[in-house]
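Student: Quick one: sequence plus predicted model below, questions after.
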Amino acid sequence: MKRFHVHVSVADLSASIRFYRTLFGAEPVVTRDDYAKWMLEDPKVNFAISTRRRGPAINHLGFQVQSDDELRAMRAQLEAADAQMLEERDKPCCYARSNKYWVTDPAGIAWETFHTLGSIPVYGEDTALVEHSPLSVPTTPPEACCGPMKAQSAACGCAR
């Protein structure tokens, strides 16, 4: 079963957490200095917010799947939708490690289809994608996990 995924970039994380906590009637399941996530059951949504971009905007949309088999089953649809589909394996991002596929819709909005493998203690890296508009995932992450967090580099899979 798929879960719809929405990632919104926000300017004020605390104010946004208060707003969405009230809107959803639920506490986030993950809260960090730059990120929060709700796993809602009604509607079935993985809703995330972060300060990882300049200003408020849709960071990306997508689908969270329950297994790598379900992820592989989505591959043909994603490739048919966007010939430049990008595959990532064991990718550290959003305080989690995931296998994922990325496509970009005609408006330039990034769509991520992913299976989460587990959580990690650092944000990780945003994915640089081809032909993105300003609405989608940044091509230069403000802080990669291998930069200032070298002490945690093994946890996020960095080569250093």
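Tutor: That came through, no problem.
Student: quick one: Thr51 from Ser16, how far?
Tutor: Distance from Thr51 to Ser16, counting by C-beta to C-beta, to the nearest Å: 9 Å. Quick note: C-beta positions are derived from backbone N, CA and C, even for glycine.
Student: between those two, what contacts are shared?
Tutor: Val10 (C-beta atoms under 8 Å, 6 or more residues apart in numbering).
Student: The protein: helices as residue ranges?
Tutor: Ranges of helices within the chain are 13-24, 68-81, 153-156, based on DSSP state H.
Student: Format these as a markdown table; extra columns: mean neighbour count and distance to Thr113.
Tutor: Formatted as a markdown table, the helices of the chain follow (neighbours: other C-beta atoms under 10 Å; distance: least, C-beta to C-beta, whole Å):
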| stretch | mean neighbour count | distance to Thr113 |
| --- | --- | --- |
| helix 13-24 | 14 | 23 |
| helix 68-81 | 13 | 5 |
| helix 153-156 | 15 | 22 |
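Student: tell me the phi and psi of the residue nearest the centre of the chain?
Tutor: Most central in the chain under C-alpha atoms, centre = their mean is Cys94, positioned 5.7 Å from the mean C-alpha point. Note on Cys94: backbone dihedrals following degrees, to the nearest 10 are phi 60, psi 40.
Student: show me what contacts it?
Tutor: Cys94 makes contacts with His7, Tyr35, Lys37, Ala48, Ser50, Tyr123, Gly124, as judged by C-beta under 8 Å, 6+ apart.
Student: In space, what's closest to Ala11 - neighbours in sequence excluded?
Tutor: Nearest non-adjacent residue to Ala11, counting by C-beta to C-beta, 6 or more residues apart in numbering: Pro56, 5.5 Å away.
Student: What count of nearby residues applies to that neighbour?
Tutor: Around Pro56 there are 14 other residues, counting by other C-beta atoms under 10 Å.
Student: again with Asp90
Tutor: 11.
Student: Then Ile109?
Tutor: 18.
Student: Go ahead and confirm Val65 touches Phe4.
Tutor: No - counting by C-beta atoms under 8 Å, Phe4 is not a contact partner of Val65; they are 11.2 Å apart.
Student: Name the residue in the two with the higher neighbour count.
Tutor: Here Val65 and Phe4 are compared on neighbour count by other C-beta under 10 Å; more neighbours surround Val65, at 22 against 14.
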